[in-house]
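Asker: Predicted model and sequence follow; I will ask about them next.
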Amino acid sequence: MHVPYVRYIVWIPLFILPLLIWKGRAEAVRSFVIEERRTVYGSPQWMRLDGESTLLDIARNYDIGFNHITAANPDVDPWIPGKDTMILLPDIYILPQDRLSSGIVVNLAEMRLYYFFSAGMNAYALTAPIGVGREGFLTQLGIYLVKSKTDRPTWYVPESIRQEDPTLPAEVPPGPDNPLGDFIFRLSRSAYGIHGTNQPWGVGRRVSHGCIRLYPEDIATLYFMVPVGTMVRITYEPVKIGWAHGQCWIQVFDDFEGKIGDLAREARFRLKACENIYGPLKVDEAVLEEALVKKDGIARAVARPRAQQ
């Protein structure tokens, strides 16, 4: 059964998750209508593999990063997952804490980009997986602006990269050999850009020299939506807390840069901040421990108001 893309993804309780057989390509970029007092969107899904696809193929077809699909399915061989293997598509998202009313937020720890915008009477969030800088080249945190937009860009190879690989030319014209892909947003600081790629396997991995890479179909969507001058916030949030359906949710990713250190303390801090908004909470300690140990990026309902106990 082919699973179509929907503009608004309805939450489905875990006990009635559908079983899907992957046969084709899902549409690109997820988007959600933002509701008041709700920051968790999407729905995880179980699917049965057809035996012809790797987890890399499935991740791209369902607009999930390689990091996220492998973390959600740690016991599955990503290259030869096997026919009839059941895997979890972790298609559920907690909006970033440092979100903007309008603009882009990049969560490096999650390896995912969020674009917030308004249309008519509604506010929307659009999200897509990304590839980020490899060790020693992670994008600097902070606020940027989209300085310019270019389609079919030429890659002027930095001298530092040519020193790493002297076989590279001084510039690479548009086309299939260009690592910038077909579209790029150039940012207002350093030489950073948000762009496509000719190596989509790098989405959900640490592969770049600091730029943000998207699947070709995702950058093609964003390119025509995001205007020059848009604010871009680069963050690093391996622990995310959100609210939906009268419950507090947690999502934990690997702190691969070691910027946070004590993830348990960070989780408690963020749960306390959630209490400041929604009132005293009763935390399910077993769920909290599972999220902190697995660091699989799966959103879990971790607490509910004490008044409901």
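Answerer: Here it is on my side, so go on.

Asker: List the contacts of the residue lying closest to residue 160 once chain neighbours are set aside.
Answerer: Spatial nearest neighbour of residue 160, chain neighbours left out: residue 209 (7.9 Å); criterion: Cβ to Cβ, 6 or more residues apart in numbering. In short, each C-beta sits where N, CA and C put it, glycine included. Residues near residue 209 by Cβ atoms under 8 Å, 6 or more residues apart in numbering: 133, 134, 137, 158, 160, 161.

Asker: Looking at the residues you listed, which are in strands?
Answerer: Judged by DSSP state E, strands contain the following of the contacts of residue 209: residue 133.

Asker: Quickly note the distance from residue 30 to residue 252.
Answerer: 20 Å (Cβ to Cβ, to the nearest Å).

Asker: now, the most widely separated pair of the contacts of residue 209?
Answerer: Spatially, the most separated pair among the contacts of residue 209 is 134 and 158, at 14.8 Å (Cβ to Cβ).

Asker: mind listing the helices for the stretch 51-200 of the chain?
Answerer: Remark: helices assigned in the stretch 51-200 of the chain by DSSP state H, counting those that start in this stretch are 55-61, 66-72, 159-164.

Asker: what about the residue nearest to residue 160, distance to residue 253?
Answerer: 22 Å.

Asker: Now residue 195: closest residue in space that isn't a chain neighbour?
Answerer: Residue 195's closest residue in space is residue 184 (Cβ to Cβ, 6+ apart), at 3.8 Å.

Asker: right, I mislabeled it, should have said residue 150
Answerer: Using Cβ to Cβ, 6+ apart, the nearest residue to residue 150 is residue 184, at 5.3 Å.

Asker: Now do the same for the one you found: its pLDDT.
Answerer: pLDDT for residue 184: 95.

Asker: Quick one: name whatever helix or strand follows the helix or strand hosting residue 220.
Answerer: Taking DSSP states H and E as the definition, one finds residue 220 inside helix 216-223. On the C-terminal side of helix 216-223, the closest following helix or strand by DSSP H and E is strand 231-235.

Asker: residues contacting the nearest residue to residue 183 once chain neighbours are set aside?
Answerer: Take residue 183 and drop its neighbours on the chain: the residue closest to it by Cβ to Cβ, 6+ apart is residue 223, 4.2 Å away. For residue 223, the contact set (Cβ under 8 Å, 6+ apart) comprises 149, 151, 183, 185.

Asker: same question, residue 152
Answerer: 174, 182.

Asker: what separates it from residue 61, distance-wise?
Answerer: Counting by Cβ to Cβ, the gap from residue 152 to residue 61 is 25 Å.

Asker: same deal with residue 141?
Answerer: Applying Cβ to Cβ, the value for residue 141 to residue 61 is 31 Å.

Asker: With residue 209 instead?
Answerer: As defined by Cβ to Cβ, residue 209 lies at a distance of 28 Å from residue 61.

Asker: circling back: which one of the contacts of residue 209 sits in the busiest neighbourhood?
Answerer: Tallying neighbours with other Cβ atoms under 10 Å puts residue 133 at the head of these, with 20 neighbours.

Asker: per-residue pLDDT, the closest residue to that one other than its chain neighbours?
Answerer: Distances taken as Cβ to Cβ, 6+ apart put residue 210 closest to residue 133, at 4.3 Å, once the chain neighbours are dropped. Note for residue 210: predicted pLDDT of 85.

Asker: ok, residue 210 - contacts?
Answerer: Residues in contact with residue 210 (Cβ under 8 Å, 6+ apart) are 133, 137, 138, 139, 140, 190, 191, 192.

Asker: that older thread, can you report how many residues neighbour the residue nearest to residue 195?
Answerer: 22.

Asker: Could you number the chain from 48 rather than 1 from now on?
Answerer: Taking 48 as the first residue, the last one we looked at is residue 231.

Asker: what sits against it?
Answerer: With Cβ under 8 Å, 6+ apart, residue 231 has these contacts: 196, 197, 200, 240, 241, 242, 243, 266.
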